[in-house]
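Engineer: my questions are about this predicted structure, shown below with the sequence.
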Amino acid sequence: MADDLARWSRAAEVFHDARERPASERGAFLEAACGGDPALRAEVEALLAADAGASGFLAADGPSLASLLLEDEAGAMAPGTMLVPTGSSGRSAAAGWAPCTSRKTRA
C-alpha cells in the first residue's frame, strides 16, 4: 500500500513537471526523470495523453453550466446534484444542462 502511494506520488510529480515543458522536450525529460523505469514512463505518458485530450473539456460547456448554477438563486439544487446533458443529441453544447431527476445509478 505504501509502495503504491509512493509510486503514484512519483508519477504525479513527473507528470506535473513534464506538463510544464514544451512537448518537444518531454521525451528527454521523461527518459531522465523515469530513470529507466518503463512502467513509470508509460503511466506518465498515459497521464499526459489524457491531459492533452481533456484540454477543451469545459470550453463549450462551461458557459452553459455556469449560467445554470448562477440561475439557481433559490438553491433548488442540493449539494451533490448531478447535472446531465439535455437534448436528443446527448451533447450538452447543443442543448444545455439540467439536474438529473433519475434515481437510477450506473452499475
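Structural biologist: Great, that's in hand. Residues are numbered from 1 along each chain as shown.
Engineer: just so I have it, where are all the helices in the chain?
Structural biologist: Per DSSP state H, the chain carries helices over the ranges 2-19, 23-33, 38-53, 62-70, 92-95.
Engineer: going by mean pLDDT, which of these comes out lowest?
Structural biologist: Taking each of the helices of the chain in turn, the one with the lowest mean pLDDT is helix 92-95, at a mean of 46.
Engineer: list the contacts of residue 18.
Structural biologist: Residue 18 makes contact with 26, 29, 30, 33, 44, 48, according to Cβ atoms under 8 Å, 6 or more residues apart in numbering. No exception for glycine: its C-beta is placed from N, CA and C like everyone else's.
Engineer: with residue 34 instead?
Structural biologist: When the contact criterion is Cβ under 8 Å, 6+ apart, the partners of residue 34 are 14, 40, 41, 44.
Engineer: re earlier: kindly reformat the contacts of residue 18 as a markdown table containing neighbour count.
Structural biologist: Putting those into a markdown table (neighbours: other Cβ atoms under 10 Å) gives the following:
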| residue | neighbour count |
| --- | --- |
| 26 | 18 |
| 29 | 16 |
| 30 | 20 |
| 33 | 18 |
| 44 | 26 |
| 48 | 17 |
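Engineer: among the contacts of residue 34, who's most crowded?
Structural biologist: For these, neighbours were counted by other Cβ atoms under 10 Å; the highest total belongs to residue 44, with 26 neighbours.
Engineer: my read is that that residue contacts residue 17, right?
Structural biologist: No: the criterion here is Cβ atoms under 8 Å, and residue 44 misses it with residue 17 at 9.3 Å.
Engineer: which outside residues touch stretch 43-56?
Structural biologist: 11, 14, 15, 18, 19, 26, 30, 33, 34.
Engineer: contact partners for the third one?
Structural biologist: Neighbour list for residue 15: 44, 47, 48, 51 [criterion: Cβ under 8 Å, 6+ apart].
Engineer: check the fifth one too.
Structural biologist: If you count contacts by Cβ under 8 Å, 6+ apart, residue 19 has them with 48, 51.
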